[in-house]
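Undergrad: No sequence on hand, only this structure:
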């Protein structure tokens, strides 16, 4: 079988570029300690409302005994529940989010809060919000025709003004 020399050069160049890009990505991942999520916890999305953690009465902000904050949320077309949260600044906040239906994403602009919410799994992300203010939590994975209406409000207050449920 004869391969034209020009085609051979372009094929080699394409492979070199592809492997170089993979090497650069691997280098960034190793250098910045970027890893896939380690919290692999499965859940039955069809029975989400029947679980102890994700039933309607348990959603929201909870203060742990160590002073950290835990937020339990459900993402479902087309909203996050609860849709208004208040958390303290400069305090570790762990979000535990489950999807009741399809793939969703949670992104809080101007912060490092960003995660995918995959049906059948519990997404867990811990972050600290250094500055008080009002933030939006947006769905960044297309989930259907009402996707652009899927958002929630996050209010970050100074730690000394925080109280659960306030």
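TA: Thanks, I have the structure now. Not measured: the values here are computed from a predicted model.
Undergrad: Just grab the bridge partners of residue 153 for me.
TA: Counting by DSSP bridges, residue 153 is bridged to residue 84, residue 136.
Undergrad: what do you get for the one 4 residues further on?
TA: With DSSP bridges applied, residue 157 shows beta-bridge pairing to residue 88.
Undergrad: what's around it, how many residues?
TA: The tally of other residues near residue 157 (other CB atoms under 10 Å) stands at 16. Where C-beta positions appear, they are placed from N, C-alpha and C, glycine not excepted.
Undergrad: now residue 75
TA: Neighbours of residue 75 using other CB under 10 Å come to 27.
Undergrad: quick one: what helix or strand has it in it?
TA: Using DSSP states H and E, residue 75 falls within strand 69-76.
Undergrad: Residues in contact with that strand: which ones?
TA: Strand 69-76 is contacted from outside by 48, 53-54, 58-64, 80-82, 85, 87-88, 91-101, 104, 106, 117, 139, 150, 152, using CB atoms under 8 Å, 6 or more residues apart in numbering.
Undergrad: I'd like to know how far residue 92 sits from residue 79.
TA: 26 Å (CB to CB, to the nearest Å).
Undergrad: Next secondary structure after the strand holding residue 75?
TA: strand 79-81.
Undergrad: hmm, who's touching that following strand?
TA: Contacts for strand 79-81 (CB under 8 Å, 6+ apart): 56, 59, 73-75, 97, 106, 137, 139, 149-152.
Undergrad: Name the member of the residues you listed that has the highest neighbour count.
TA: Going by other CB under 10 Å, residue 75 tops the contacts of strand 79-81 with 27 neighbours.
Undergrad: how many neighbours does the closest residue to that one other than its chain neighbours have?
TA: Residue nearest to residue 75 in three dimensions, not counting chain neighbours: residue 104, with 4.0 Å by CB to CB, 6 or more residues apart in numbering. Neighbour count for residue 104, taken as other CB under 10 Å: 29.
Undergrad: pLDDT value on the residue nearest to residue 164 when sequence neighbours are not counted, please?
TA: Excluding the flanking residues, the one nearest residue 164 by CB to CB, 6+ apart is residue 63, at 5.0 Å. Here, the pLDDT recorded for residue 63 equals 90.
Undergrad: who's in contact with residue 63?
TA: Neighbours of residue 63 in contact, by CB under 8 Å, 6+ apart: 69, 70, 164.
Undergrad: Which one of those residues is nearest to residue 22?
TA: Looking at those and their distance to residue 22, the nearest is residue 70, at 37.5 Å (CB to CB).
Undergrad: For the closest one, name its beta-bridge partners.
TA: residue 62, residue 94.
Undergrad: any idea how far it is from residue 10?
TA: Counting by CB to CB, the gap from residue 70 to residue 10 is 54 Å.
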